[in-house]
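A.B. asks: just the structure for this:
(chains A, B, C and D)
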Protein chains: 4
Amino acid sequence: MDYKDVIANPDKYDFTIETLGSPAIDSPFQGRRFIEEYERVSFAVKLHELEPLFNSGRSLPAFERSGPRSKIFHDPAWSRAAIVTCGGLCPGLNDVIKNIVNVLWFGYGIHNIYGIRYGYRGLSPKCNLSPVVLNPDVVDTIHEDGGTILGSSRGNQDIGDMVDTLMRMNINMLFTIGGDGTLQGASAIADEIARRKRNISVIGIPKTIDNDLGFMEKTFGFDTAVLTSADIITSAHNEAKGAYNGIGLVKLMGRDSGFIASYASIANSVVNFCLIPEVPLILDGEHGLLRALERRFDQGKDHAVIVVAEGAGQDLFRHKRKKRDKSGNLIKNDIGLLLKSEIQDYFEDRGREVNIKYMDPSYFIRSVNAKGTDSIFCNLLGEHAVHAAMAGKTNMVVGYWSNTYTHVPIHLATLERRKVNLNGDLWNAVLGLTQQNVYFHNTVGGSNENTAP
Amino acid sequence: MDYKDVIANPDKYDFTIETLGSPAIDSPFQGRRFIEEYERVSFAVKLHELEPLFNSGRSLPAFERSGPRSKIFHDPAWSRAAIVTCGGLCPGLNDVIKNIVNVLWFGYGIHNIYGIRYGYRGLSPKCNLSPVVLNPDVVDTIHEDGGTILGSSRGNQDIGDMVDTLMRMNINMLFTIGGDGTLQGASAIADEIARRKRNISVIGIPKTIDNDLGFMEKTFGFDTAVLTSADIITSAHNEAKGAYNGIGLVKLMGRDSGFIASYASIANSVVNFCLIPEVPLILDGEHGLLRALERRFDQGKDHAVIVVAEGAGQDLFRHKRKKRDKSGNLIKNDIGLLLKSEIQDYFEDRGREVNIKYMDPSYFIRSVNAKGTDSIFCNLLGEHAVHAAMAGKTNMVVGYWSNTYTHVPIHLATLERRKVNLNGDLWNAVLGLTQQNVYFHNTVGGSNENTAP
Amino acid sequence: MDYKDVIANPDKYDFTIETLGSPAIDSPFQGRRFIEEYERVSFAVKLHELEPLFNSGRSLPAFERSGPRSKIFHDPAWSRAAIVTCGGLCPGLNDVIKNIVNVLWFGYGIHNIYGIRYGYRGLSPKCNLSPVVLNPDVVDTIHEDGGTILGSSRGNQDIGDMVDTLMRMNINMLFTIGGDGTLQGASAIADEIARRKRNISVIGIPKTIDNDLGFMEKTFGFDTAVLTSADIITSAHNEAKGAYNGIGLVKLMGRDSGFIASYASIANSVVNFCLIPEVPLILDGEHGLLRALERRFDQGKDHAVIVVAEGAGQDLFRHKRKKRDKSGNLIKNDIGLLLKSEIQDYFEDRGREVNIKYMDPSYFIRSVNAKGTDSIFCNLLGEHAVHAAMAGKTNMVVGYWSNTYTHVPIHLATLERRKVNLNGDLWNAVLGLTQQNVYFHNTVGGSNENTAP
Amino acid sequence: MDYKDVIANPDKYDFTIETLGSPAIDSPFQGRRFIEEYERVSFAVKLHELEPLFNSGRSLPAFERSGPRSKIFHDPAWSRAAIVTCGGLCPGLNDVIKNIVNVLWFGYGIHNIYGIRYGYRGLSPKCNLSPVVLNPDVVDTIHEDGGTILGSSRGNQDIGDMVDTLMRMNINMLFTIGGDGTLQGASAIADEIARRKRNISVIGIPKTIDNDLGFMEKTFGFDTAVLTSADIITSAHNEAKGAYNGIGLVKLMGRDSGFIASYASIANSVVNFCLIPEVPLILDGEHGLLRALERRFDQGKDHAVIVVAEGAGQDLFRHKRKKRDKSGNLIKNDIGLLLKSEIQDYFEDRGREVNIKYMDPSYFIRSVNAKGTDSIFCNLLGEHAVHAAMAGKTNMVVGYWSNTYTHVPIHLATLERRKVNLNGDLWNAVLGLTQQNVYFHNTVGGSNENTAP
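C.D. replies: Next comes the predicted model:
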């Protein structure tokens, strides 16, 4: 998502949320202020962006605010909800499930709640997977476990089949927890439901451990992933320091963006090189990684810790056709294995010993349970999803912006991936803590002022 | 801080940041976009609040945006910085120290950095405590340890004495990390410096594990405190379930606000009663805690987990004079011990056995090191403090608002404490997950719809 | 237990295990070598102890070896087992329960297994507590949770009542997991069963987190308790270093012995004073703790970490009658609170500031789940208990000696508590790592050779 | 080591410890009982093994007991010690180093202590690596970090060169921490020292995370490795349950023995198949792993967790030449990758979907710091190594037998690797908890009595 483009061309972006109809039922939800339909959270928060927008006289780009409405669309008495989790594991799936169930049950008195097994597959009659019945007792302690009690799967099923299943089960609200593909599937389901003129709300809770969804400041599971990465990085540091010219190389998640790699490199600031998809990864030449590493060892540093996002340096595979062929399928896109072998070859050619230890902890990181404030975020996403569904919203996901929960149309949420801003706080902090550019640009020792004693 | 009042009477609140003078030196800081002085982050983010403000024609309440400036005030060549940590421990102190040192050193080339020992005491010549020299090597792995490498102390010292010390040491930027009292002290130091017409920047990094500072969405250490509380609550749950009518009672931090207690009760959602200062704590009578607990056991639930913020129920001590006298000094203000004894007495009087286990883990929680994204927050607070100092700002703290780092005048930051909004997302989630009002208001079994099977 | 006395007077100690009768049924247990009835593990393992015993011509003190027998006494087809957990929580209770159930079920094909609720109370008809049915599915993941799924209670019930219950339920093997009192109760139950000439095996699994049971090298839960203490001690260390003349004071379990305190002080070797029941605790005078602490601060050390076992210094309460009266009931036997107040008073009297932080983490430590090799120990204790029961053994506990699981008569197991040997490896290591005697005996600075630079 | 052979042919095994000469100096070590030279710990502890040995009239196989002697050989006044760590990382290296330093310094007053960098390489003059000076301040908190502060390397250097270095440095005691190869190197060093008639003690502390050293019940780091594995196995379990027919496959350490795999499978008993080197790994056919897995899914179990020791199934690579060629170098000996691909192929051929997640966490597991009682074990091994050196022992390692620290000649310690006894407690517990043989032998459903409901 191009933040600046939204500010510059707000009319290109439609923040309107679809609804099934006009909510006419008094909400039974108790215990807090109802949110008014007119409440909006401004997309822009900086004055020099806000002012021209205001002065233009057009309506400002702004998110519908999430929360319980005084009038609801679905009658709790006949409501039947379904929850489905799709795609790879991510910390917090069970927290989201738990609180959707709790808020439906205690908040709205809805007691027919079904868990769809193994992602969209469980909605396909072909797969013959019975849903599980969910209630507060079933979900009572699932937040203590990683993974998802419902199981998951990748890929979509036939949209018509899935809508048939929802109709056969008399479901009137479907909660889908998943990433881009899942949400696009959810949108297709919502469209098909609209075509059939059925009153089924389809509400997404966006899941991407990479934390790079557009129009959303943060996605669930990310904080826990960063937390868990820290221990791995400590181990890589110990391995690096434990061997002569030791190198600890850790591949972290991040297909298109370097958020986890960047955050992890700041959270446990013993990282010396952080490599992300947003920065072209050059191996060879004076400003390449290999020479940078060599400079570090030349300077008498006796170890190096490298964190690489899985999506970094993917163009290296284009130009290194032979390498790829020889290494076979497994290595094909694995930047971690490529780096390991390139670094080994480089120093071997120069008759210099290095000792690389390569760690690939993604399954470990993504399958732990959500911790601390991340768990709270999951709980609130689940709750707001229920409020949105009850109000008759559909084809949307629950988002988060300026410290507030929001409604985001699926088409916006899946429009484009966020990237690490190379001019911003985050990447600047990575550069500051790693001091990696000193080695990339050979400014080592160029100035007495910039080196520690 | 009354959020609504700022919106309603923006003129009452002065967001202007003091400066020592006009920055005239080109900044040596590299690697990211400089922030322009005119950049402001809007205090209001909701359209229905923004619109009237805009239409009023007055300037909007807004924070100066934090970040590196292209022109700086202090000349790095002669700059000498001092860092001081005050008050109780809080996760992340060492991360803040580490990154202040790193950004001064690598970002601005400032190599004269001193750590003041034991809080403001180290600035008083009477206490005879030599500062320690700080550099990137000294702080390299301090983020792995809880506490503060500088030591801390409570209370202020004579303002004149402290300014004398700063002048004698030729310090031109002082970083103070501490809570309300500390910041007020920092403000007094800045005022005295202004009176003496000296060019010393005084920049605060607000520290309150309770996360209740005004004009700031979040304070450092809080996420880690919530994270650490979860294990304690699991233990309390195990103790409660392990005994006949077992009660696990945990006192958490929160002198004036229930943020930690509330967050912790959602993060590990096995809590049955969450008691916070914002909600009057009634022990006796039909809607009191004791009767609510009894109802829970009457319903066949075999255990209860209670989380109480230390500031909850303080008025109980006024009316229970005898209790207090008998129990002596230690018990005086300890709501945990009071609850323990009241609950025991209540059930004893009724000939009903309960087994209470009381846990008071505050020292444990506050003395761990900052973890995951909390550590990142500390690093960035530290960095922004340096940028602010270099730009010649003073008498301010680094804040955080709408996902952006900001400058906040100390007088605003210490104006008033935030409270848990009883009509908002947070408290609503606590009530939803604990279902405590069911027991307080005796709606147990009142409706088939609202009870789990 | 006086180890030396067993060697010197072996005839005083009867290692014979009671049996209900002669095992005549072929065991269905598969997959490993059966243990022969004659197998014994020698009590003595040192040659200079073994030789005189051998030469005396008498039978050596030796434990029956535990393990599956080829012939069993109880017919699996009609066997009904009961499991009961008593006393305070201890890591590993659920592991023991889990594996008793698994080995009964899969190893012997016994499918009638009952969990007695809340300790012996669940065996008393007066308490009206129905047992829970146990099977491998019920216990599948209970090892991940601390506490006990059965609940627990302290104290014994009427022996006749309990045997009546066992007979009414047609139980023929009772597994009791508990400490001294529990085991003595189990022994009384076994005696009453014998009096009534019933074929019910009573097998204990000794539980004492203090690890001080006689005739047993180790008890379950202890390793996990030591592990968990380490984090608390780190916090105490951070608190101590974070304040001027800071003192971190941690009370750990150990009513009669200092095993946990000693092990914890070695496992996280930042402890400066370790105080255990085996060493008289002197507060006042030249060789008292207060003067020792003062010497440490005199030497320029800026902090102190003190670990005290709850049973240490109990005689101080006799002589300090006034202190006790003033402090009221709560303080009466709490050596931690006493130390805190004595240390404060001492330094206050001398006009010297110290900052004590007192931590009492026992409930936290004992209610976590068993970890790592401790969990394995629990599993094997549970298994061996089943083998013993099936073989018709009774009135015994499962023990561990020289790396081998053993049978120990209850009367031996409860004879006397082990103590930390002040001339042995353990205490010596504590003294070596804390260097506390340097301060107690004022040998500070007495020799250049014994101080670190 | 063949335990039975030692009992049967004790004369084949020489337990005698070499000494440099007669100790004549009064030991300055204080605070505990001295161990007498005649003290021996019996190798056999079972009566039916002990009795024939006794009756044979020959001397029993027994270890010299470790501990401080009243007379020492090396004069502390001129002693200079060196410590070297070799081979792969293992939890606890820093604890061992720390306590060697502490006991030398505080226990014997020896202040010339050197840390050799990067294993034996640091003893070779060719490598030009200066030793580091060690003292109690340097090692004060190193136990909190994994890895080794000295660095490590694999392989031996020229023996003569290394002895030259020791002599040039005037070292009279060398502590080597390492595995088989390292210890054999240490033995060669000791032999060369003897040939040169020098008084240098060479004392080993055996390091093998696999815990399979002969004549030793346990090696350091093992408990922590088991502990750390548990979290990985939980993640594998979550991954397995999160996907349709999910399989979590974890490779753990264990080149020649299955101790870590077996212990880890009991410590976190959610493992369904545990594969170790001691049991031939058959993939194909009715009793092969692939068919066993298939049976498990046939039975309606929806997931499987497999733990495989790295040394398991190595003979599969002989017979699968084509597989090996195709997969290239990396896959060659990697049983984890082989299993992953074989399982995928097998089910793909049968048109059945499975989802395998493969985890290879060895670097993570071995590079954490030692925890809890494992840390204590390291401390005591370090201490006993110092006592042995001071007494003039050489060419030996510190061992552990029947709960007692011992001296073991290096030639015995490196004689042969221990294996998991397939008829013993450990493997039996693995089979009991995994129930894997039910699937290997197709006894599923064969009997109502052996399946959980």
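A.B. asks: ok, A:Arg198 - how many residues close by?
C.D. replies: 14 (other C-beta atoms under 10 Å in any protein chain shown). Backbone N, C-alpha and C define where each C-beta goes, glycine included.
A.B. asks: typo on my end, it should be A:Val270
C.D. replies: 22.
A.B. asks: which one is it nearest to, not counting chain neighbours?
C.D. replies: Of all residues not flanking A:Val270 in the chain, A:His237 sits nearest, at 4.5 Å (C-beta to C-beta, 6 or more residues apart in numbering or on different chains).
A.B. asks: output whichever strand or helix holds A:Glu192 as CSV, restricted to C-alpha atoms.
C.D. replies: Using DSSP states H and E, A:Glu192 sits in helix A:180-195. Extracted as CSV, the C-alpha positions of helix A:180-195 are listed here (Å, rounded to 0.1, in the frame of the first residue of the first chain):
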residue,chain,number,x,y,z
ASP,A,180,-4.2,-12.7,1.6
GLY,A,181,-5.4,-15.7,-0.4
THR,A,182,-7.9,-16.6,2.4
LEU,A,183,-9.3,-13.1,2.5
GLN,A,184,-9.6,-13.0,-1.3
GLY,A,185,-11.5,-16.3,-1.0
ALA,A,186,-13.7,-14.8,1.7
SER,A,187,-14.4,-11.9,-0.5
ALA,A,188,-15.4,-14.2,-3.3
ILE,A,189,-17.7,-16.1,-0.9
ALA,A,190,-19.3,-12.8,0.2
ASP,A,191,-19.8,-11.8,-3.5
GLU,A,192,-21.4,-15.2,-4.2
ILE,A,193,-23.6,-14.8,-1.1
ALA,A,194,-24.6,-11.3,-2.4
ARG,A,195,-25.4,-12.8,-5.8
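A.B. asks: give me the buried positions along that helix.
C.D. replies: The neighbour-count check on helix A:180-195 (16 or more other C-beta atoms under 10 Å in any protein chain shown) flags A:180, A:182-193 as buried.
A.B. asks: dump the residues you listed to CSV, plus distance to B:Gly21.
C.D. replies: What follows is those, written out as CSV (distance: C-beta to C-beta, whole Å):
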residue, distance to B:Gly21
A:Asp180, 51
A:Thr182, 56
A:Leu183, 53
A:Gln184, 56
A:Gly185, 59
A:Ala186, 57
A:Ser187, 56
A:Ala188, 61
A:Ile189, 62
A:Ala190, 59
A:Asp191, 61
A:Glu192, 66
A:Ile193, 64
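A.B. asks: of all these, which comes closest to chain D?
C.D. replies: Proximity of the buried residues of helix A:180-195 to chain D, judged by C-beta to the nearest C-beta, is greatest for A:Thr182, which lies at 14.5 Å.
A.B. asks: for the closest one, which non-adjacent residue is closest in space?
C.D. replies: Here the residue nearest A:Thr182, using C-beta to C-beta, 6+ apart, is A:Cys86, at 4.0 Å.
A.B. asks: ok and the residue in the stretch 301-450 of chain A nearest chain C?
C.D. replies: A:Asn369 (11.1 Å).
A.B. asks: list the backbone torsions phi and psi for A:Asn442.
C.D. replies: phi 50, psi 50 (degrees, to the nearest 10).
A.B. asks: so where is chain A shaky, pLDDT-wise?
C.D. replies: For chain A, applying pLDDT under 70 flags the ranges A:1, A:319-332, A:444-453.
A.B. asks: what residues are up against the residue nearest to A:Val270?
C.D. replies: Going by C-beta atoms under 8 Å, 6 or more residues apart in numbering or on different chains, A:His237 touches A:Gly248, A:Asn268, A:Val270, A:His303, A:Val305, D:Gly147.
A.B. asks: so which of the residues you listed sit within strands?
C.D. replies: A:Gly248, A:His303, A:Val305 (DSSP state E).
A.B. asks: what strand or helix carries the closest residue to A:Asn421 other than its chain neighbours?
C.D. replies: Nearest non-adjacent residue to A:Asn421, counting by C-beta to C-beta, 6+ apart: A:Trp427, 6.6 Å away. A:Trp427 is part of helix A:425-434 when elements are defined by DSSP H and E.
A.B. asks: same check, this time on A:Thr406
C.D. replies: A:Thr406 belongs to strand A:404-409, assigned by DSSP H and E.
A.B. asks: can you list the buried residues in the very next helix or strand once past that strand?
C.D. replies: Once strand A:404-409 ends, the next helix or strand along the chain (criterion: DSSP H and E) is helix A:410-413. Across helix A:410-413, burial judged by 16+ other C-beta under 10 Å covers A:Ile410, A:Leu412, A:Ala413.
A.B. asks: mind checking how far helix A:410-413 is from the chain centre?
C.D. replies: 14 Å (C-alpha atoms, centre = their mean, to the nearest Å).
A.B. asks: now swap in stretch A:248-264 and tell me
C.D. replies: 12 Å.
A.B. asks: measure whichever residue of the stretch 151-300 of chain A sits closest to chain C to B:Ile376 for me?
C.D. replies: Distances between the stretch 151-300 of chain A and chain C by C-beta to the nearest C-beta are smallest at A:Asp231, namely 14.4 Å. If you measure A:Asp231 against B:Ile376 using C-beta to C-beta, to the nearest Å, the figure is 16 Å.
A.B. asks: neighbour count winner among those two?
C.D. replies: For A:Asp231 versus B:Ile376, neighbours defined as other C-beta under 10 Å are more numerous around B:Ile376 (28 against 18).
A.B. asks: much appreciated, bye for now.
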